[in-house]
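Peer 1: Please find the sequence and the predicted model below.
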Amino acid sequence: MFRYLVRRLLQMVVTFFGATFIVYALMFANQDDPIRALAGERPISQAERQVLTERYHLDASFWHQYWYYLKGMLTGDFGTSLTGRRISDMMADAWPVTVRLALMAIVIAAAVAILAGVISGIRRGGIFDNVTLVLTLIVLALPIVVLAPLSQLIFGIKLDWFPPTAGLHPSAYALLLPALVLGSLVVATELRVTRSAVGENLRADYVRTARAKGLTRQRVVGVHVLRNSLIPVITLIGVDIGGLMSGAIVTEGVFNIPGVGFNLFRGIHTEDGPLVVGFVSVLVIVFLVVNLLVDLLYAALDPRIRYE
Amino acid sequence: MSDLEAVVTAEGPGPPSAPPPPAEATDKSRSLSDDAWTDLRRSKIFWFAAVLVVLFLVMAAFPTLFTSNDPRDCILARQHAPASGSHFFGYDFQGCDVYAKTVYGARNSVLVGVLATLLAGVIGLVVGLSAGYFGGWLDALLSRFIDVVLGVPFLLAAIVLAKRLAAGSNSTGIAAVALTLGFLGWTTAARIIRSAVIASKNQDYVAAARMLGAGPVRLMFRHILPNSITSFVVVLTILLGANIASEATLSFLGVGLRNGAISWGISIAEAGRYARTAPWPLVWPSVFLALTVLAFIMLGDAIRDAFDPKLR
């Protein structure tokens, strides 16, 4: 276990440096003249130019600049956005909203997926199973850019069931529709995995034993089968965090939720380089850490798995 | 790479002249593919998907078959005017014909999707074949590289890369988006090819071919690859659908197609702002986009179900 942990951490460090380096190189390297871009039409004096060059280490080599970027990031200093706000302050405002939205989406998706997945796993080939399979295929194929604006139009504007946009401090009710949209991104795969896991486990020896002991059907399915079927689903939920983050960019932009995705959405539009790089870097770190945690959780849930 | 197109186009309506996969099938897999083809023809999902795919491919190639209106003929006076005559879907905020814009939008979507998928297929093929066949340090290096690419959330990487590739150019950004999606989308294909190569490179028939003097390239393409071509084609078909969705997402976010290009993603983003007063310009491109993506994913699903003997 310890060796596995060390190896995973080392792999994570490699991925982290690889990913942040690529992001940095793409956003900042070889740009024409950042001072010119900052000043716009305004003439800029030699003295100003010199001050800015020194403050932002613009004359340093590429590797030096990358080093400054890394140092700033690891000490929690992401610089200031082009709007003048400190990026770390913006993150402190944005993260709680996004975490709330993502948690709601994960819980809703998992509840629907596990319930429907167990039912279609038990009644394989039945009407419910066939209908769910077609439905998951459709949900799987609906891009988030279709789902988010259309559900806002239908459920927010036309039917008026939900508020079409969330404000600065969104209530749980205002986040419900966006969470449903976000959850639908991951519900289909989770449902399919639950279904096949349940189908497989129902044929397992221990289930036959449990039935032979005279346990009720409820207990066999609810305890013996369900517990073992949830293991792959939980890994999947971890993997899905990446998909949720991508989906959050569009969903928060459409529903006007002041979270991480919304800031990125706006940063892309206003060409706010430091903001985009800062938020993307943190998202990459979160993604890596969550995936590591899920892998470790996997071992805790399934004693058969022993990491070497 | 023509296999992808062969499968996608040859499986439209009408009897096929040769069972897929075409030329390279061995005797054993030929009977399997015959079997699979019989299965496919009975599948309703397959026919639904195939008809849609053919429809959208024709729409992409010959938009004038569907509409005689010019999607760039926009008059502000017609802003949000209702449908009339051959303008089935009405007009959008700029006074453009929504139906014509939606029909012409198919071309860029399919073009970007196909180019990106071809690029991803080539990269995946080269990486997967060399990692699986040569093994050792090359495999370790390439596998770690796949891990790094998979370790970055897809849309975030795509946003940064697309922005960088399109910087300073005045083109419509088709090449930039296709390159972006191709560079990021090859990992699944590479993994499938790699594991297929590892599974079959020590088989007796490969050893026999090697002893008869076949070189690595001939071994890979003539003896190892045909066995895994179906799963490769399935992955690429589904990837094509996913790429079309990604293109729309990037265009929606403003980092995809640009400079006046017609794209479903851009139409959705524009119409979304006025959805309260005029919902239809938002609905139609959304429906077309969803159907296209659905068609490719269903097609891949149906082919996999038919060709995977384990699922029967």
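Peer 2: Great, that's in hand.

Peer 1: Can you give me the distance of residue B:89 to residue A:282?
Peer 2: Remark: distance between residue B:89 and residue A:282 (Cβ to Cβ, to the nearest Å) = 42 Å. C-beta coordinates here come from the backbone N, C-alpha and C atoms, glycine included.

Peer 1: Same check on residue A:48?
Peer 2: For residue A:48, the distance to residue A:282 equals 31 Å [Cβ to Cβ].

Peer 1: out of the two, which sits in the busier spot?
Peer 2: Of the pair residue A:48 and residue A:282, residue A:282 is the one with more neighbours under other Cβ atoms under 10 Å in any protein chain shown, namely 19 against 14.

Peer 1: Which of the helices or strands spans that one?
Peer 2: helix A:273-301 (DSSP states H and E).

Peer 1: Give the rounded mean pLDDT of that helix.
Peer 2: Mean pLDDT, computed over helix A:273-301, is 79.

Peer 1: Same check on stretch B:183-196?
Peer 2: Mean predicted lDDT for stretch B:183-196 stands at 89.

Peer 1: now it, how far from the chain's geometric center?
Peer 2: Centroid separation between stretch B:183-196 and its chain, computed with Cα atoms, centre = their mean, to the nearest Å, is 15 Å.

Peer 1: Ok, stretch B:179-196 next?
Peer 2: In this view, stretch B:179-196 has its centroid 13 Å away from the chain centroid, taken as Cα atoms, centre = their mean.

Peer 1: buried stuff in that stretch?
Peer 2: Residues of stretch B:179-196 classed as buried: B:179-194, B:196 (neighbour count, 16 or more other Cβ atoms under 10 Å in any protein chain shown).

Peer 1: Could you check the pLDDT of the most centrally placed residue in chain B?
Peer 2: Centroid-nearest residue in chain B, with Cα atoms, centre = their mean: residue B:240, separated by 1.2 Å. Looking at residue B:240, its pLDDT reads 91.

Peer 1: give the contact list for the residue nearest to it when sequence neighbours are not counted.
Peer 2: Sequence neighbours aside, residue B:117 is the residue nearest to residue B:240 in space, at 4.5 Å (criterion: Cβ to Cβ, 6 or more residues apart in numbering or on different chains). Contact analysis of residue B:117 by Cβ atoms under 8 Å, 6 or more residues apart in numbering or on different chains lists B:4, B:182, B:185, B:236, B:239-240, B:243.

Peer 1: Return the distance of residue B:96 relative to residue B:74.
Peer 2: Taken as Cβ to Cβ, the span from residue B:96 to residue B:74 is 4 Å.

Peer 1: Kindly report the same for residue B:41.
Peer 2: Per Cβ to Cβ, residue B:41 is found 45 Å from residue B:74.

Peer 1: With neighbour numbers in mind, choose between the two.
Peer 2: residue B:74 (16 against 13).

Peer 1: and residue B:49, that's in a helix?
Peer 2: Yes. Counting by DSSP: H, G, I helix; E, B strand; the rest coil, residue B:49 is found in a helix.

Peer 1: can you count the residues close to it?
Peer 2: The number of residues packed near residue B:49 is 25, by other Cβ under 10 Å.

Peer 1: Just the pLDDT at it, thanks.
Peer 2: pLDDT, residue B:49: 88.

Peer 1: And residue B:247, by the same measure?
Peer 2: 90.

Peer 1: what's the distance between it and residue B:60?
Peer 2: As judged by Cβ to Cβ, residue B:247 and residue B:60 stand 13 Å apart.

Peer 1: Identify the contacts common to the two.
Peer 2: Going by Cβ under 8 Å, 6+ apart, residues that sit against residue B:247 and also against residue B:60 are residue B:109.

Peer 1: Name the nearest residue to the one residue in the stretch 151-300 of chain A that gets nearest to chain B, ignoring sequence neighbours.
Peer 2: Closest approach between the stretch 151-300 of chain A and chain B, counting by Cβ to the nearest Cβ: residue A:246, at 3.4 Å. Nearest residue to residue A:246, sequence neighbours excluded (Cβ to Cβ, 6+ apart): residue B:155, at 3.4 Å.

Peer 1: Count the residues that sit near residue B:204.
Peer 2: By other Cβ under 10 Å, 7 other residues sit near residue B:204.

Peer 1: coming back round to it: and residue B:247 and residue B:60? Which one has more around it.
Peer 2: A direct count of neighbours by other Cβ under 10 Å for residue B:247 and residue B:60 places residue B:247 higher, at 33 against 20.

Peer 1: Let me see the contact set for the more buried one.
Peer 2: By Cβ under 8 Å, 6+ apart, the contact set of residue B:247 is B:108-109, B:112-113, B:116, B:177, B:181, B:256-257, B:263, B:265.

Peer 1: Name the helix or strand of chain A that has the lowest mean pLDDT.
Peer 2: helix A:34-39 (a mean of 65; mean pLDDT, DSSP states H and E).

Peer 1: which among the contacts of residue B:247 gets closest to residue A:159?
Peer 2: Within those, proximity to residue A:159 (Cβ to Cβ) peaks at residue B:265, which comes in at 25.4 Å.

Peer 1: correct me, but that closest one touches residue A:146?
Peer 2: No. Applying Cβ atoms under 8 Å, one finds residue B:265 not in contact with residue A:146, separated by 9.7 Å.

Peer 1: Residue A:280: neighbour count?
Peer 2: Neighbour tally, residue A:280, other Cβ under 10 Å: 26.

Peer 1: Leaving out the residues flanking it, which one is nearest to it?
Peer 2: Nearest non-adjacent residue to residue A:280 (Cβ to Cβ, 6+ apart): residue B:156, at 5.0 Å.

Peer 1: Measure how the helix or strand containing that neighbour sits relative to helix A:273-301, angle-wise.
Peer 2: Element membership for residue B:156, per DSSP H and E: helix B:154-166. With axes from the mean of the first three to the mean of the last three Cα atoms, to 10 degrees defining the directions, helix B:154-166 sits at 150 degrees from helix A:273-301.

Peer 1: Which strands and helices lie in contact with helix B:154-166?
Peer 2: On a contact count with 3 or more Cβ pairs under 8 Å, 6 or more residues apart in numbering or on different chains; DSSP states H and E, helix B:154-166 meets helix A:2-28, helix A:226-255, helix A:260-269, helix A:273-301, helix B:174-185, helix B:229-253.

Peer 1: Return the most buried member of those helices.
Peer 2: Among the helices and strands packed on helix B:154-166, ranked by average contacts under mean count of other Cβ atoms under 10 Å in any protein chain shown, first place goes to helix B:229-253 (a mean of 26).

Peer 1: now it and helix B:154-166, what's the angle there?
Peer 2: Using the same axes, to 10 degrees: helix B:229-253 against helix B:154-166 is 70 degrees.

Peer 1: right, and the helix or strand after helix B:229-253?
Peer 2: Per DSSP H and E, helix B:229-253 leads on to helix B:264-272 as the next helix or strand towards the C-terminus.

Peer 1: list the helices and strands that next one packs on?
Peer 2: Against helix B:264-272 (3+ Cβ pairs under 8 Å, 6+ apart) you get helix A:144-151, helix B:98-134, helix B:229-253, helix B:280-307.

Peer 1: Determine if any part of stretch A:152-172 is in contact with chain B.
Peer 2: Yes. Using Cβ under 8 Å from any Cβ of the partner chain, stretch A:152-172 reaches chain B at A:152-153, A:157-158, A:164.

Peer 1: And for stretch A:222-237?
Peer 2: No. Applying Cβ under 8 Å from any Cβ, one finds stretch A:222-237 separated from chain B by no less than 14.5 Å.

Peer 1: Keeping just the C-alphas, turn that stretch into PDB.
Peer 2: Provided in PDB are the C-alpha atoms of stretch A:222-237 (Å, rounded to 0.1, in the frame of the first residue of the first chain):
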ATOM      1  CA  GLY A 222     -30.100  -4.500  -1.000                       C
ATOM      2  CA  VAL A 223     -27.100  -5.700   1.000                       C
ATOM      3  CA  HIS A 224     -25.200  -8.500  -0.800                       C
ATOM      4  CA  VAL A 225     -25.600  -7.400  -4.400                       C
ATOM      5  CA  LEU A 226     -25.700  -3.700  -4.000                       C
ATOM      6  CA  ARG A 227     -22.600  -3.400  -1.900                       C
ATOM      7  CA  ASN A 228     -20.500  -5.200  -4.300                       C
ATOM      8  CA  SER A 229     -22.000  -3.500  -7.300                       C
ATOM      9  CA  LEU A 230     -21.300   0.000  -6.000                       C
ATOM     10  CA  ILE A 231     -17.500  -0.400  -6.100                       C
ATOM     11  CA  PRO A 232     -17.100   0.300  -9.800                       C
ATOM     12  CA  VAL A 233     -19.700   3.000  -9.600                       C
ATOM     13  CA  ILE A 234     -17.800   4.900  -7.000                       C
ATOM     14  CA  THR A 235     -14.600   4.900  -9.100                       C
ATOM     15  CA  LEU A 236     -16.600   6.200 -12.000                       C
ATOM     16  CA  ILE A 237     -18.000   9.000  -9.900                       C
END
